[in-house]
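>>> let's see this in three dimensions:
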Amino acid sequence: MFTNLSLYSVDDLIISIGDVKVILLLESPFSDEVCHKHPLAGSAGRNVSRFFTERITGFTEWDNNTAFGCQVCCRSFTRIAVMNCSTNPLNKSVYSTEDYNKNSKLIDGLDLIRRNPKSKSRRGDNQNIENYIIDLLQKRLEWVSDQLIIPCGDVARGSLNKCKIDKLNIIPDRVPHPSYNRWSVDSNFGNIHNFINEVSHRLSQ
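The predicted model follows:
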């Protein structure tokens, strides 16, 4: 489905599947991620780095001004996987005018998922687009067993809930998407203390 937009695709950031303890599940790539070719490469990634260096055990030596995904890559950090629900951008502003004009129906369908993530059904081709994304996400999660999955934001949690995979270990409380410094405000989390304790505990095992 995304053949004509393959240049925008960003793969999952998994250094070693066998070592993963925590999975950060984001929405989709933005401009920085498309450029760097891995998730959490931009401002949202820097927000995650600041949070981890200040509040998660074992990250005091990480740089709080360098995007989290970039540090996972550079440090070959194996205990956290970073994934997006969609490997292609959902935000249509990421695409060039030329590519948008050639693929406007598909890109508008992707953008609709971002703007209305809680919809249970969509019209026509828009439902086919979402089904494709969910099916691909299911396949990309087939390796998961008891790892803690943290869906960040409504798109991630909604997409994960639509996957037909039994016994996934999903953190129950709301976790915001880290864009726009949302992780710097405790009240944006459903239970900030549980989030910190769960992540710290998992990574210490």
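>>> give me the contact list for the helix or strand containing L203.
With elements taken from DSSP states H and E, the one containing L203 is helix 192-204. By CB atoms under 8 Å, 6 or more residues apart in numbering, the list of residues contacting helix 192-204 from outside reads 21-22, 55-58, 79-80, 148, 150, 171, 173, 175, 186, 189. The way it works is simple: take the backbone N, C-alpha and C, and place the C-beta from them, glycine included.
>>> give me the buried subset of these.
With neighbours counted by 16 or more other CB atoms under 10 Å, these contain buried members at 21-22, 56, 79-80, 148, 150, 171, 175, 189.
>>> for C35, which non-adjacent residue is closest in space?
Spatial nearest neighbour of C35, excluding adjacent residues (CB to CB, 6 or more residues apart in numbering): A41 at 7.1 Å.
>>> give me the pLDDT for that neighbour.
As predicted, A41 sits at a pLDDT of 98.
>>> which residues in this structure form helices?
Per DSSP state H, the chain has helices spanning 31-36, 43-55, 68-75, 97-102, 104-115, 125-140, 154-162, 192-204. These are given in chain order.
>>> now those helices in a markdown table, please, with extra columns for distance to N91.
Shown next, in a markdown table, are the helices of the chain (distance: least, CB to CB, whole Å):
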| stretch | distance to N91 |
| --- | --- |
| helix 31-36 | 9 |
| helix 43-55 | 12 |
| helix 68-75 | 17 |
| helix 97-102 | 11 |
| helix 104-115 | 6 |
| helix 125-140 | 14 |
| helix 154-162 | 11 |
| helix 192-204 | 25 |
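>>> can you tell me which of these comes nearest to S179?
For S179, the closest of the helices of the chain is helix 43-55, at 4.4 Å, according to CB to CB.
>>> which residues touch that closest one?
Contacts for helix 43-55 (CB under 8 Å, 6+ apart): 24, 26, 30, 32, 39-40, 59-60, 62-71, 177-179, 181-184, 196.
>>> could you rerun that using 7 Å?
40, 59-60, 62-71, 177-179, 181, 183-184, 196 (CB atoms under 7 Å, 6 or more residues apart in numbering).
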